[in-house]
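1. Can you look at this prediction? I've put the sequence above it.
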Amino acid sequence: MKDLLQLASQIVSIESVSLGETALADHVHELLGSAPHLSVKRIGNNVVARTTLGRPQRLLIAGHLDTVPVNDNLPGHIEGDRLYGLGACDMKGTVAVMLDLAIEVTQPAVDVTWVFYEAEEIAAVHNGLRKMFDECPELLACDAAILGEPTCAAVEAGCQGTLRARVTFTGARAHTARPWMGRNAIHRLGDLLSRLEAYEGRSPVIEGCTYREAVQAVFVEGGVAGNVVPDSATVTINHRFAPDRSLQEAIEHLRSVVGECDHFEVTDSSQAAPPSVEHPLIAALIRRNDLQVNAKLGWTDVARFAQHGIP
């Protein structure tokens, strides 16, 4: 193939904001279709290429095609040995490497499934991996999976889970000149916000990876008018939890941290994924390349694979 940096620059310059990946998916499909050793299938703006060499193990390598919205950063351009442009890091550089390897490595030691998918940067309902797991899970069957998110050449193992909850306190309206006639719901948030500020999360070590749990207030809503004692106040809390906790255990933990309130509603949640660095395929990759291994503290689509029993 052409120079890898030039290939990455070409890919960066094909606009592919979430839900607008058609042009890039067309390009990826065309390149992969030129490789006779690959079986290629297109599902919407998702492209899957597979070797079928009869190897005893199969590794899946995935990367998303979409980017966040354009911000005066297209087309891409090269300065020296660096590429600048929308998605160069997250994650079209990886997409270029994946394409090069998929086409050039015709006899891999294990069978490989290459997955290029849409809509990772937006709401999960649009996610291309989710769509394929729902519609054609057989295409994603494998012994282990690697997600090509940028990590500065380290292995970021597994991922923490995430959940968001809205916690509401109620009160009674009154004029601020006569506050004793009401109950200030915003003031009721005070104790909870102090507890959240003082919260010290666990740092469990799992398969040698140190995860760091967190609980943070991310939105506060309340108030009626400048002269009214508010009768409702809500804080939205984000909890990041380690892979040794199930989603239900994480919800119960957050509920215990919140304590007394008038309404507790989980609005969004995703389970964690274990690190799986002891899996033979992953362990061999780490050992042969002397790779640094860190815990993934954020959430990624690695959790989708874990949900389907794929390390």
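-> Great, that's in hand.
2. Remind me which helix or strand Val167 belongs to.
-> Element membership for Val167 (DSSP states H and E) is strand 161-170.
3. Give the pairing partners of the helix or strand following that strand; include direction for each.
-> Next in sequence after strand 161-170, counting helices and strands by DSSP H and E, comes strand 174-175. Using DSSP bridges, strand 174-175 pairs in its sheet with strand 228-229 (antiparallel).
4. Name the residues of the lowest-mean-pLDDT helix or strand in the chain that come out as buried.
-> Least confident helix or strand of the chain, by mean pLDDT, DSSP states H and E, is strand 77-79 with a mean of 91. For strand 77-79, burial by neighbour count (16 or more other CB atoms under 10 Å) applies to Ile78. (C-beta placed from N, C-alpha, C; glycine too.)
5. now do stretch 18-38
-> Across stretch 18-38, burial judged by 16+ other CB under 10 Å covers Ser18, Gly20, Glu21, Leu24, Ala25, His27, Val28, His29, Leu31, Leu32, Ala35, Leu38.
6. repeat for stretch 289-308
-> Asn294, Ala295, Lys296, Leu297, Trp299, Thr300, Asp301, Val302, Ala303, Arg304, Phe305, Ala306.
7. and if you look at stretch 277-290?
-> Of the residues in stretch 277-290, Val277, His279, Leu281, Ile282, Leu285, Ile286 count as buried by neighbour count, 16+ other CB under 10 Å.
8. which one of those residues is nearest Thr168?
-> Using CB to CB, Val277 is the member of these that sits closest to Thr168, with 40.9 Å.
9. Okay, helices next: where are they in the chain?
-> All helices of the chain, identified by DSSP state H, fall at 4-12, 22-33, 93-104, 128-135, 185-198, 247-258, 280-289, 302-307.
10. Put together JSON lines for those helices, with distance to Ala272 and mean pLDDT on each row.
-> Converted to JSON lines, the helices of the chain look like this (distance: least, CB to CB, whole Å; pLDDT from 0 to 100):
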{"stretch": "helix 4-12", "distance to Ala272": "31", "mean pLDDT": "94"}
{"stretch": "helix 22-33", "distance to Ala272": "30", "mean pLDDT": "98"}
{"stretch": "helix 93-104", "distance to Ala272": "23", "mean pLDDT": "97"}
{"stretch": "helix 128-135", "distance to Ala272": "17", "mean pLDDT": "96"}
{"stretch": "helix 185-198", "distance to Ala272": "21", "mean pLDDT": "95"}
{"stretch": "helix 247-258", "distance to Ala272": "8", "mean pLDDT": "98"}
{"stretch": "helix 280-289", "distance to Ala272": "17", "mean pLDDT": "95"}
{"stretch": "helix 302-307", "distance to Ala272": "6", "mean pLDDT": "96"}
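11. Out of the ones you listed, flag the one nearest Gly223.
-> Minimum separation from Gly223 across the helices of the chain (CB to CB) falls at helix 185-198, 7.0 Å.
12. so what does that closest one touch, helix or strand wise?
-> Contact here means 3 or more CB pairs under 8 Å, 6 or more residues apart in numbering; DSSP states H and E; on that basis helix 185-198 packs against strand 161-170, strand 214-222, strand 232-241, helix 247-258.
13. quick one on the thing from earlier: could you dump the buried residues of stretch 18-38 to CSV with distance to Asp134?
-> Formatted as CSV, the buried residues of stretch 18-38 follow (distance: CB to CB, whole Å):
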residue, distance to Asp134
Ser18, 18
Gly20, 22
Glu21, 18
Leu24, 22
Ala25, 19
His27, 26
Val28, 21
His29, 21
Leu31, 27
Leu32, 23
Ala35, 28
Leu38, 24
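14. Those residues: which two are farthest apart?
-> The most widely separated members of the buried residues of stretch 18-38 are Ser18 and Ala35, with 27.3 Å between them, by CB to CB.
15. Low-confidence ranges, the protein, go.
-> By pLDDT under 70, the low-scoring segments of the chain are 1-2.
16. if you set the cut-off to 50 instead, what comes out?
-> Within the chain, no stretch has pLDDT under 50.
17. Out of the helices of the chain, the one nearest Ile146 is which?
-> Short answer: helix 280-289, nearest of the helices of the chain by CB to CB, at 7.9 Å.
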